[in-house]
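S.K.: Fold the following for me, if possible:
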Amino acid sequence: MRASAPAPGTDVVAGARTLLGVAAAHVVAIAGALALFERWHGRPAFADAPAQPGGWPGAIAAFVAMAAVRELLHAAVWQRTSGLSWRAFTVRRSRRKLGVIVEPTAALCARDDRRGLVAPSLAFGVAPLVAGLVAGRGLALLWGAALAFEGWSDIAIAAATWRLPAGTPVLPIGSRLGRRVADAPAKRDWILPQSTLRQ
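M.R.: Here you go, the predicted model:
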């Protein structure tokens with residue numbers, strides 16, 4: 001059951017229980033997928049790791065490229081579901097992920113925000129993990145596992161805001177894993193001053 005929207009200016013942040021729960025769920029799901037792969041296909045998924053094009057340098061380059069594509073997918077889903085213009089998104093440095101993230105600078109409704117948060121984990125984490133498991137492609141499963149875990153903080157934010165009503169306007173709150181309830185309605189092309197995001 002969803003609660004009523006908190007007052008504007010309220011921070012809804014992933015607490016220790018949420019963070020540990022999301023991280024534990026990721027670890028259990030990935031470990032389970034690895035065990036199932038070995039049981040179903042008679043070899044560990046890591047046996048397929050040498051098939052990675054370019055070896056370790058190729059894997060590192062691919063991971064960095066996929067992390068960038070993940071961020072673009074966040075923005076694309078937010079833009080598509082909210083109707084905000086592309087000017088309503090910014091790229092900024094962050095201590096999370098690989099140091100650069102895309103964020104909206106305008107209020108999104110909580111439903112659209114959650115969709116944008118989870119989409120990359122579904123597309124680049126869950127989908128290749130399941131496909132690799134079913135098709136016997138260990139490398140795909142490993143990539144799915146790595147990219148699913150790379151997005152655990154996005155899932156933690158979505159979990160923290162899950163009880164917010166769908167239409168609650170929210171904004172990112174800097175380096176903290178959560179959202180701030182905005183004091184203005186989420187609507188098209190409503191641009192918030194950058195200074196507001198640094199508070």
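
S.K.: From now on I want contacts and neighbour counts done on CA atoms only, so please keep to that.
M.R.: Will do.

S.K.: I'd guess Asp183 is in a strand, am I close?
M.R.: No: if the criterion is DSSP: H, G, I helix; E, B strand; the rest coil, then Asp183 is coil and not within a strand.

S.K.: Which residue is the nearest non-sequential neighbour of it?
M.R.: Excluding its sequence neighbours, the residue lying closest to Asp183 (C-alpha to C-alpha, 6 or more residues apart in numbering) is Pro8, at 4.6 Å.

S.K.: Then His41?
M.R.: Leaving aside its chain neighbours, His41 sits nearest to Gly136 (6.2 Å; criterion: C-alpha to C-alpha, 6+ apart).

S.K.: tell me the contacts of the residue nearest to Asp183?
M.R.: 180-183 (C-alpha atoms under 8 Å, 6 or more residues apart in numbering).

S.K.: Find the residue ranges of this structure scoring beneath the pLDDT cut-off.
M.R.: Confidence mapping of the chain against pLDDT under 70 gives the ranges 1-3, 94-98, 184-199.

S.K.: how about the strands of it, start to end?
M.R.: Using DSSP state E, the strands found in the chain span residues 11-13, 89-93, 100-104, 108-109, 169-172, 178-181.

S.K.: Just send the ones you listed back as a markdown table, with distance to Glu150 and mean neighbour count too.
M.R.: Shown next, in a markdown table, are the strands of the chain (distance: least, C-alpha to C-alpha, whole Å; neighbours: other C-alpha atoms under 10 Å):
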| stretch | distance to Glu150 | mean neighbour count |
| --- | --- | --- |
| strand 11-13 | 19 | 21 |
| strand 89-93 | 16 | 14 |
| strand 100-104 | 12 | 20 |
| strand 108-109 | 23 | 26 |
| strand 169-172 | 19 | 27 |
| strand 178-181 | 17 | 24 |
